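S.K.: Return atomic coordinates for the entry below.
(2 chains)
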There are 2 protein chains.
Amino acid sequence: MKLYEQLQEALVKRIEQGYYPVGSKLPSIRSLSKEREVSISTVQEAYLRLEENGLVEVRPKSGYYVKSRGEAPELPEVSRPAQRPLEVSHWEQVYHLLNSAKGSGHIALGTASPEINTPTLKPLLKALTHSAGLQSEQFLNYSEIQGSEKLRKQIARLASDSGCKLHHDDIIITSGCQEALVCSLRATTKPGDVVATDSPSFYGSTQAIKALGLKAMEIPTHPETGISLEALELALEQWPIAAIQVTPTCNNPLGYTMPESRKKELLRLAQQYDIPIIEDDIYGDLFYKSPRPRTIKSFDDEGRVLLCSSFSKTIAYGLRLGWVAPGQCTERVLHKKFVSTVSNPPVQQEAVAEFIAKGFYERHLRKVRAQYHHSRDMMIDLVRRYFPEGTRMSYPEGGYLLWVEFPVAVDSIKLNKRLEAKKVSIAPGVIFSASGKYRNFVRLSFSKKPTEETEGALKAIGDEAKKLIADA
Amino acid sequence: MKLYEQLQEALVKRIEQGYYPVGSKLPSIRSLSKEREVSISTVQEAYLRLEENGLVEVRPKSGYYVKSRGEAPELPEVSRPAQRPLEVSHWEQVYHLLNSAKGSGHIALGTASPEINTPTLKPLLKALTHSAGLQSEQFLNYSEIQGSEKLRKQIARLASDSGCKLHHDDIIITSGCQEALVCSLRATTKPGDVVATDSPSFYGSTQAIKALGLKAMEIPTHPETGISLEALELALEQWPIAAIQVTPTCNNPLGYTMPESRKKELLRLAQQYDIPIIEDDIYGDLFYKSPRPRTIKSFDDEGRVLLCSSFSKTIAYGLRLGWVAPGQCTERVLHKKFVSTVSNPPVQQEAVAEFIAKGFYERHLRKVRAQYHHSRDMMIDLVRRYFPEGTRMSYPEGGYLLWVEFPVAVDSIKLNKRLEAKKVSIAPGVIFSASGKYRNFVRLSFSKKPTEETEGALKAIGDEAKKLIADA
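M.R.: From the prediction side, this is the model:
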């Protein structure tokens, strides 16, 4: 551990133990440097990290202060989806969501695109422009099914941050995480099979379950610790489950991260029943604190976990650049990838490989993690202020999604319809379930730092929700 | 019809009727202008088109001469694939082919990438560089499932060249033609179904048939007129065929174009048995003569045909940009596209839309069509010179693929293995069949103008083939 990391850890402990209470001023850089016998720059680095993690804030010409972190909101209850395998529907709602961002002046709080207006992405544009201008075999014609070796090497290097030892030949580049997920499902199941999923669950994977003729077995999920292992074990005993599909780190839509012990336990269950785990880690790099959590894959030494991710949520959606480390299933996933799209455009692969190799990705992550962390607290404050009494919400530990539970009278599809005239949209809860649950839930994105406009939109949502309650 | 087109047509007739025999000099531009009472530039334009179509050649400081077109080679026989639905295999061979282009100095005659070293692609690189540098919602974040409207409008406009009246909302952009084909198959079949295909057939679609748990019913195919309608009708009576998948224009690997009458007859059969046709038109724009042939889709007024294409063979493979006009199946194909990869990167879509809108695509087509036409004759000459006696080959009317039938003693997988040491590779025939037929066939690409190196490679192939015959 580096010096500034040791110092950072010591300061976190002091803050958590109340030694430095909320609102108090931290020691000056100079005095702390003296006290700990470390250099000025070490203290500066440690303070910078604390700021990025949202624990302290700078007050100009004054110093560093311990930030109010706000109280955790009242969380939604453990989900109770239907206790049998189900066919997935609600494509119309998904389609509507994905087409809702059209037109200027529209505030689309439902779609989960990252912040792209940040100077930390400038080097990416430079790299993209450069690789787009290369008229060589490599860029216009040739591309490997597995994807660019240069990019796979960078991904393998990054994977060590989540505890994974990957070789670049363990990795296949895909057209976004969606292709990674669907190729993984195809490689591990056949039509008619049952797939166990956390619930609520990302609509892209539930729609894939539908399209592949599979059935979804939705498992109750705790808003802080994730998929219920007890319920999962019961389901594994009762149903012929072919694969487990989960998003255990910075979950979409709930924002939780499963504790390591539960990740290990989930892997043990999969071993016991000899089935694969498809692990969606797309938001994992956006965990607010450092180091980021370990993946289930990192505990897996037999190639049972198919780890899926992408740069759509951490860099930019329009890159359409994802990847999968399929373990034992590598050969099969490669065939599915070939059949699906053959290979990816080289331009984006080269640009992102450059962006990572030169350290710009990590710099960008530090910046957006801090921003999303800060926006989370602002968003929760606004929801508390404007949404009807009895509203509950998640307390995300990473990413930029908030899962909001309204009182039961609020039908979020009706709510969305009413909001159309006000040019505001949300993601309705039903699309996160195979069984049409979560009618009174919505998912909101806070990837854009809340502004007055956002406040207006949230007030509009709250007002319409209150009307729906009054009408009930 | 424009003036120069009228003149061009008149000249073609004279050449075909032997009025201007091979090797003869055409009238000077000035004298023809006088004779026909048209402007100098009209004659120039007509001669330019004749040159592009490979009918005449310029001899510097002398004038235009009627070109030797070479005789048509002896064609392969009508294919006789197995007469029952089969599961597809030979993925290992496909994988080997797609990875054979590695390393410098290697002459990969098996892969079907277009010529990209042409000045007519410069405007594309400019457009790519421009769109890659745009940091806007549209370019880094947002993209529609259907794909860029701007690009779809250009595709709809181009489709009129093949007789299709398409609205841009009839079109869905895909990750290459492969995704168009596989989404079309998914939308029209369910696992266990039988799909009728021409044979030999593109390995990407046969591998898709395999991956989707379908069976391939290979129909005998004539090297000039395409899929045997008689055999197809028999198969339709005998087997529960769910869809017909064909490449009727500039076929891969055979190079033929089905006559219009047979295209119409194929559509009539599909109507009679009420099944969809998946029409792969990926090489259609590379037909050597102008205007390009009509698609089956152009005769279809009930939305029965799913027309699939891409810019991978006409512009550059690395764009990974294809499209599908799925007719009645548009909604279903859209869901498959969402599940498969959600959407395409906007950068390439914008660049190609610009490239087409400004007329650069048509200019580029004129150039490469003439080049491929010329290369075909050179390639056929070389194959005649170096390959063993009894070798037959196709006589492509468009594209840049030659299908070669060796005497039966030549096993093309063995041949490919022996060629490894000489850094030459071919596409072995077996991958173009579900039933492992065509062992003594190879597919060769002539997208690169044959050079001395190509000649060396073809001599090496011929020598090894002769050794295999001697060993037998």
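S.K.: going forward, measure contacts between C-alpha atoms and count neighbours the same way
M.R.: Fine.
S.K.: where along the stretch 151-300 of chain A do the helices fall?
M.R.: Using DSSP state H, counting those that start in this stretch, the helices of the stretch 151-300 of chain A run over A:176-188, A:203-211, A:229-238, A:260-272.
S.K.: and among those, the most buried is which?
M.R.: Neighbour counts (mean count of other Cα atoms under 10 Å in any protein chain shown) averaged over each of those peak at helix A:176-188, with a mean of 27.
S.K.: can you redo the helices of the stretch 151-300 of chain A as TSV with distance to chain B?
M.R.: Below are those laid out as TSV (distance: least, Cα to the nearest Cα, whole Å):
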stretch	distance to chain B
helix A:176-188	5
helix A:203-211	5
helix A:229-238	26
helix A:260-272	26
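S.K.: residues contacting A:R80?
M.R.: Neighbouring residues of A:R80 by Cα atoms under 8 Å, 6 or more residues apart in numbering or on different chains: A:219-221.
S.K.: again, but for A:Y65
M.R.: Here A:Y65 is in contact with A:22-26, A:56-59 (Cα under 8 Å, 6+ apart).
S.K.: So, low pLDDT: which residues of chain A?
M.R.: A:69-70, A:100-104, A:142 (pLDDT under 70).
S.K.: quick one, domains of it?
M.R.: A:3-66, A:91-117+A:362-471, A:119-361 (automatic domain parsing).
S.K.: highest average neighbour count across those domains?
M.R.: Per stretch, and counting mean count of other Cα under 10 Å, the top mean among the domains of chain A goes to domain A:119-361, which has a mean of 22.
S.K.: And that domain, end to end?
M.R.: 12 Å (Cα to Cα, to the nearest Å).
S.K.: Centre of the chain to it, how far?
M.R.: Mean-position distance between domain A:119-361 and its chain equals 11 Å (Cα atoms, centre = their mean, to the nearest Å).
S.K.: List the contacts of the most centrally placed residue in chain A.
M.R.: Computing the C-alpha centroid of chain A and ranking residues by Cα atoms, centre = their mean puts A:Y283 first, at 2.5 Å. By Cα under 8 Å, 6+ apart, A:Y283 lies in contact with A:249-252, A:313-314, A:398-399.
S.K.: which one of the helices of the stretch 151-300 of chain A lies closest to B:S433?
M.R.: Closest of those to B:S433 is helix A:176-188, at 23.4 Å (criterion: Cα to Cα).
S.K.: Report all helices and strands that the closest one contacts.
M.R.: helix A:203-211, strand A:241-246, strand A:277-280, strand A:305-310, strand A:322-325, helix A:330-341, helix B:330-341 (3 or more Cα pairs under 8 Å, 6 or more residues apart in numbering or on different chains; DSSP states H and E).
S.K.: Contacts for stretch A:299-309 next, please.
M.R.: Here stretch A:299-309 has contacts from A:164, A:176-177, A:180-181, A:184, A:264, A:267, A:271, A:275-282, A:296-297, A:322-329, using Cα under 8 Å, 6+ apart.
S.K.: Try it again at 7 Å.
M.R.: Stretch A:299-309 has contacts (Cα atoms under 7 Å, 6 or more residues apart in numbering or on different chains) with A:177, A:180-181, A:184, A:264, A:276-282, A:297, A:322-328.
S.K.: Kindly report the same for stretch A:210-224.
M.R.: Residues from elsewhere that reach stretch A:210-224 (Cα under 7 Å, 6+ apart): A:75-76, A:78-82, A:84-88, A:191-199, A:209, A:227-228, A:231-232, A:254, A:256-257, A:394, A:434, B:336.
S.K.: Among these, which ones are in strands?
M.R.: A:194-198, A:227 (DSSP state E).
S.K.: Helices of the stretch 1-150 of chain A, residue ranges please.
M.R.: Under DSSP H, counting those that start in this stretch, the stretch 1-150 of chain A gives helices at A:3-16, A:29-36, A:40-52, A:91-98, A:122-132, A:149-159.
S.K.: Figure out which of the ones you listed is closest to A:P388.
M.R.: Across these (criterion: Cα to Cα), the nearest stretch is helix A:91-98, sitting at 23.5 Å.
S.K.: can you give me the angle the closest one makes with helix A:203-211?
M.R.: Going by axes from the mean of the first three to the mean of the last three Cα atoms, to 10 degrees, helix A:91-98 is angled at 150 degrees with respect to helix A:203-211.
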